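In: Just the structure for this:
(2 chains)
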Protein chains: 2
Amino acid sequence: MLRQQVTKRLAACRGLASEVRIVEVGPRDGLQNEKNHVSTGLKVDLVNKLTAAGCDYIEAGAFVSPKAVPRMADSKHVFQQIERSNAVTYAALTPNLKGFETAMEVQADEVAVFTAASEAFNKANIRCSIEESIARFDPVFEAAKPGGVKVRGYVSCIAGCPYQGWVDPAKVREVTQLLLEKGCYEVSLGDTIGVGTPGSIAAVLKEVLETVQPGSIALHLHDTYGQALANILVGLQHGIRTFDASVAGLGGCPYAPGASGNVATEDVVYMLDGLGIKTGISLDELVKVGNFISTELGRMNGSKVGRAVASSCIHE
Amino acid sequence: MLRQQVTKRLAACRGLASEVRIVEVGPRDGLQNEKNHVSTGLKVDLVNKLTAAGCDYIEAGAFVSPKAVPRMADSKHVFQQIERSNAVTYAALTPNLKGFETAMEVQADEVAVFTAASEAFNKANIRCSIEESIARFDPVFEAAKPGGVKVRGYVSCIAGCPYQGWVDPAKVREVTQLLLEKGCYEVSLGDTIGVGTPGSIAAVLKEVLETVQPGSIALHLHDTYGQALANILVGLQHGIRTFDASVAGLGGCPYAPGASGNVATEDVVYMLDGLGIKTGISLDELVKVGNFISTELGRMNGSKVGRAVASSCIHE
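Out: As a prediction, the model looks like this:
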């Protein structure tokens, strides 16, 4: 294939990681805002196909209020029905003890908690301050300790907030450190509304990395303004080695109907392949998964790589 | 606006240009493959609106065979009807002396010639070798000299060819040098099918810049695989200061119906604004132009920034 040919001669970009971990969030972050009902069977199929494509970290569901997030109401069944691979971490979002206990019941491998770097965002969404929101996770951290269950943290709105606008990078660093101190092994910095550019993302990373090791940081970038891949490149250049992504770009900005959501995993893997950076994921298989789920959901494939392959740009 | 707020604190990306020239190719490269008829009036409107938005270089048409490129058959009328600004360069593609003479007749400010870095691409498209294709421009270079008309060169397929696959960066350098020696003041390196990644684009730039000054190079990137902005960032990091782009991402890969075409000018300007790099273009006005032309053509706006602004992600 041309792709392999053209990427034979690689990166003059020195000093980048030789291997990167992709956290596939399609089944959770991607589907949680889906307008229409998504069957448990389809979610299970999606997770199984992602496993087969070589994804080694899949956020498969969330144990949250079914009233608040109806699309995740069947996460228990999803976890019970997926075919697991020992090589894969199947994680779940668990904002409280009840959620954590359900996650353990269905043998989630890891859990995740979430807050925002914006006071206005937290107030609008969970009616409490950032500090209070993190204190609410204490029971989860406590419960996770004895069994050594790994807890991942999400910080949203790192590059801008739909309510307060500007978010101070110092606040991002503060919240990140607090989550790490509480017990998170890694904090995923989320540009929830995708407004970040290589300029602002570099500014956030510069600030956070003053006191936090790059190995404890992941980037979770939405592609609302088309900046996600350029921002990931900036992340790589700052030593970040974990990136969240969503197959077919599943998900949307909940504040912007029609706007793009998570960066598409296919587009990220294509770029990383082109840089000679290993992910363990087969792009060809992943593209098939992206086309499968897009067709099933009746939505345009949000991955440009997916669309380009489908329309076969290359005379093979 | 949030955008201004979040980009106040800028780039930790050091050493980038403080100013960049955008070559707006929407009216030519963007429209030349448009499926349906585009009226002269609409083309004129588009160029005028781009002028008003602050674009200072607009490729407004092509003087080529109307049989080969029927959408450009009325370029003469477009040039005659646009309202010109003295601050703007209105350029035309002129592959032969006849085209050059027509361009001069309607007072095009600059002209452009084009070839490819792939022998297979040239053979398939214009049935001659790269060298022969460049020799065909001799009359244009000769005619341009006395009046001091600037000639720009395009080299397509710099990161991959739909026919031969792999393209040797050394070939890109060789063709670029030949065009500069013939009399081009600048050569625009085109990733015509958008397969390049920060890895392969860096490899091409590294090779070309061994013998060519970055000020003589532009990048013309298609976003077929979603890599264009990341590739532009790599270009900036290699000292490139001119980038071609097309409002609303007009244009498509002629070899891939449905696939994305040129990188959208809005997305490029959004990134550059976020890096504190000046273009002279008003993003707000440009977004309006992108929405205008997309609506008129009845196609989805190819700019993510355009779509995000239209769906208003931000609670102002």
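
In: Spit out the contact partners of the residue in the stretch 51-200 of chain A that chain B sits nearest to.
Out: Proximity to chain B, evaluated over the stretch 51-200 of chain A using CB to the nearest CB, is greatest for residue A:197 at 2.6 Å. The C-beta positions use only the backbone N, C-alpha and C, and glycine is treated the same way. Counting by CB atoms under 8 Å, 6 or more residues apart in numbering or on different chains, residue A:197 makes contact with A:225, A:227, A:230, A:231, B:7, B:270, B:271, B:273, B:274, B:275.

In: Contacts only, for the fourth one.
Out: Think residue A:231. Residue A:231 neighbours (CB under 8 Å, 6+ apart): A:191, A:196, A:197, A:198, A:201, A:219, A:221.

In: quick one: which two of those are the most distant?
Out: A:197 and A:219 (13.4 Å; CB to CB).

In: what's the neighbour count on residue A:70?
Out: 12 (other CB atoms under 10 Å in any protein chain shown).

In: can you check residue A:139 too?
Out: Other residues close to residue A:139 by other CB under 10 Å number 14.

In: Next secondary structure element downstream of the helix or strand harbouring it?
Out: Here residue A:139 is covered by helix A:138-147, with elements defined by DSSP states H and E. Per DSSP H and E, helix A:138-147 leads on to strand A:150-156 as the next helix or strand towards the C-terminus.

In: I'd like to know which elements that following strand is packed against.
Out: Judged by 3 or more CB pairs under 8 Å, 6 or more residues apart in numbering or on different chains; DSSP states H and E, the packing partners of strand A:150-156 are strand A:110-116, helix A:138-147, helix A:169-182, strand A:186-191.

In: how near is residue A:45 to chain B?
Out: 25 Å (CB to the nearest CB, to the nearest Å).

In: circling back to that earlier point, separation between the closest residue to the residue of the stretch 51-200 of chain A closest to chain B other than its chain neighbours and residue B:20?
Out: Distances taken as CB to CB, 6 or more residues apart in numbering or on different chains place residue B:274 nearest to residue A:197, at 2.6 Å, with adjacent residues excluded. Relative to residue B:20, residue B:274 is positioned 13 Å away (CB to CB, to the nearest Å).

In: Also residue A:145?
Out: 52 Å.

In: who's more crowded, those two?
Out: residue B:20 (22 against 11).

In: check contacts around residue A:28.
Out: A:59, A:60, A:61, A:62, A:72, A:92, A:93.

In: Mark which of these are buried, thanks.
Out: When the contacts of residue A:28 are checked for burial by 16 or more other CB atoms under 10 Å in any protein chain shown, the buried set is A:59, A:60, A:61, A:62, A:72, A:92, A:93.

In: List the contacts of the fourth one.
Out: Residue A:62 sits next to A:28, A:32, A:69, A:72, A:75, A:92, A:93, A:94, A:99 when contact means CB under 8 Å, 6+ apart.

In: Mind doing that once more with 6 Å?
Out: Neighbour list for residue A:62: A:28, A:72, A:75, A:93 [criterion: CB atoms under 6 Å, 6 or more residues apart in numbering or on different chains].

In: Which of those residues fall within helices?
Out: Among the contacts of residue A:62, the ones falling in helices (DSSP state H) are residue A:75.

In: Let me have the contacts of residue A:62 in a markdown table, extended by pLDDT and distance to residue A:205.
Out: Formatted as a markdown table, those follow (pLDDT from 0 to 100; distance: CB to CB, whole Å):
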| residue | pLDDT | distance to residue A:205 |
| --- | --- | --- |
| A:28 | 96 | 25 |
| A:72 | 95 | 30 |
| A:75 | 98 | 32 |
| A:93 | 97 | 24 |
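
In: Closest one of the contacts of residue A:62 to residue A:136?
Out: Nearest member of the contacts of residue A:62 to residue A:136, counting by CB to CB, is residue A:93, at 13.7 Å.

In: ok, which stretches of the stretch 1-150 of chain A are helices?
Out: A:2-6, A:40-52, A:75-81, A:97-105, A:119-126, A:130-135, A:138-147 (DSSP state H, counting those that start in this stretch).

In: Residue B:115 is nearest to which of the ones you listed?
Out: helix A:2-6 (19.3 Å).

In: ok, back up a step: tell me which of the contacts of residue A:231 fall in strands.
Out: Per DSSP state E, strands hold the following members of these: A:191, A:219, A:221.

In: Give me the nearest residue to the last one, chain neighbours excluded.
Out: Which is residue A:221. The nearest residue in space to residue A:221 (CB to CB, 6+ apart) is residue A:228, at 4.2 Å.
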